[in-house]
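Enquirer: need the 3D shape of this:
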Amino acid sequence: MKFDLHISSSLTCKLQKKSAILFNTTLMIWKQHTRASTAQQIQNSRPVTMSHSSRRWSVNILTEAMFPGIGLEPVASGRPPRPALGAELVASLPLQMCLYFNILYLPCWSAVLAVVFHAKLDRMDFLNRYIYVTVVVGALLMEAARLYVGYMGSLREDVPDLAGFWLITLLLACPLHGLLLLNRGALQLAPELAVLWPQAVFVTAELVLGYAAARRLAQHQVSKFHAASAARQQQKSE
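Expert: Residues are numbered from 1 along each chain as shown. Sure thing, here's the model as predicted:
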């Protein structure tokens, strides 16, 4: 009888210990769950903000998509690495932007000139009509070829194309646009003047920027030639 009471008392103690352990574990789990839910509610109540790393990653992705080859990754030395002489980009960004917007503006300019040409052709005398027809047709053909040569020469960093673009701008574009803009005998209309002035601004900007870009590109090509000659001589001496 005493043995049975001892066994029952020992079992009761074990059950009480297990119950206490189970209760404590349950209490700890409930507290952790309560803390996590409270933190989640506080986080949801705050405005959603991106961390610095997330913002930088998003900017990197957008930059690589819009401008391939350009990265914003930090450099160990704190300064961007200087590219080699043969891999350095010397194309003029202002000239490229000016040519790009001029190409977009060209259809509007051509359409207005064609409409105005048809509207006032019968009102001009023979001399002004002959001059106006020659200038308009020459300007339309010249602008398409000039912008193509300048755009491709600037993209490919080709000195002959860029020099040809600058010469066409100086010797053909400036006189033709000057005649279109300053010839008062051509019965100039308001829509015609509205498209001729922006085109004259484009031509003037491309004349200045094209000269600077061609000069810089020519100097870069000369530096590359001298660097390559020095490297070949060094290899022969070794």
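Enquirer: what strand or helix carries Leu176?
Expert: In this structure, Leu176 sits in helix 174-182 according to DSSP states H and E.
Enquirer: show the average pLDDT along that helix.
Expert: In this model, helix 174-182 has an average pLDDT of 89.
Enquirer: contacts for it next, please.
Expert: When contacts are defined by C-beta atoms under 8 Å, 6 or more residues apart in numbering, helix 174-182 is touched by residues 131, 135-136, 138-139, 142, 186, 192-193, 196-197, 199-200, 203, 207. For every residue, glycine as well, the C-beta is placed using N, CA and C.
Enquirer: for this structure, which spans come out with low pLDDT?
Expert: Applying pLDDT under 70 to the chain picks out residues 1-89, 238.
Enquirer: longest helix anywhere in it?
Expert: For the chain, the helix that runs over the most residues, judged by DSSP state H, is helix 190-237.
Enquirer: helices and strands around it, which ones?
Expert: Helix 190-237 sits against helix 93-120, helix 126-156, helix 159-168, helix 174-182, with contacts defined as 3 or more C-beta pairs under 8 Å, 6 or more residues apart in numbering; DSSP states H and E.
Enquirer: quick check: angle from the second one to helix 174-182?
Expert: Pointing back at helix 126-156 there. 130 degrees (axes from the mean of the first three to the mean of the last three C-alpha atoms, to 10 degrees).
Enquirer: kindly report the same for the third one.
Expert: With the same axes, to 10 degrees defining the directions, helix 159-168 sits at 40 degrees from helix 174-182.
Enquirer: and helix 159-168, what's buried?
Expert: 159, 161-166, 168 (16 or more other C-beta atoms under 10 Å).
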